[in-house]
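model this:
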Amino acid sequence: MSIRCPHAEPVRAFHLQGWRLVFDNHATIVPEPGATVAGCLWNITDLCEAHLDEFEGYPDYYNKCKITQQGFTFMVYIMNPPLNFNNIPHQSYTDLLEEGYQDWNLSKTLNRV
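The predicted structure is shown next:
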């Protein structure tokens, strides 16, 4: 985030209820009752959002969705269908996600039902 959104401010770690982390070359979330995804919340500027839109391929690759949980309303990027769960992400991509989980002291086991 410091490179893509230098004005973004970290808010807190967060456990998104009712969603599951999945991969189709890249990460996305899908609704699944009983599942939980560990992540983090950021305050971003309009310029940050514009940079993220470009980086995430919005609106062609990812779309945006607003979610309200635990007193927070926030935007998430969700991959556009159809999803192909046979497309495995590159190791450098999963390494980057792993680094984020470590930075925020998040448990990867929360990404399962």
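
And the contacts of the longest helix seen in the chain?
The residue-count maximum for a helix in the chain (DSSP state H) belongs to helix 91-103. Residues outside helix 91-103 that contact it (CB atoms under 8 Å, 6 or more residues apart in numbering): 26-27, 38, 40, 106-108. C-beta coordinates here come from the backbone N, C-alpha and C atoms, glycine included.

Can you list the low-confidence ranges for this structure?
By pLDDT under 70, the low-scoring segments of the chain are 110-113.

mind listing the strands for it?
With strands called from DSSP state E, the chain shows them at 9-24, 26-43, 62-69, 72-79.

Mind putting those strands into JSON lines with distance to Phe55 and mean neighbour count?
Output for the strands of the chain, formatted as JSON lines (distance: least, CB to CB, whole Å; neighbours: other CB atoms under 10 Å):
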{"stretch": "strand 9-24", "distance to Phe55": "17", "mean neighbour count": "16"}
{"stretch": "strand 26-43", "distance to Phe55": "11", "mean neighbour count": "16"}
{"stretch": "strand 62-69", "distance to Phe55": "10", "mean neighbour count": "13"}
{"stretch": "strand 72-79", "distance to Phe55": "10", "mean neighbour count": "15"}
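
got those strands as JSON lines, with distance to Glu54 columns?
Formatted as JSON lines, these follow (distance: least, CB to CB, whole Å):
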{"stretch": "strand 9-24", "distance to Glu54": "20"}
{"stretch": "strand 26-43", "distance to Glu54": "15"}
{"stretch": "strand 62-69", "distance to Glu54": "11"}
{"stretch": "strand 72-79", "distance to Glu54": "12"}
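
ok, now how distant is Asn63 from Gln17?
21 Å (CB to CB, to the nearest Å).

does Thr36 really touch His15, like I thought?
Yes. Counting by CB atoms under 8 Å, Thr36 touches His15, with 5.2 Å between them.
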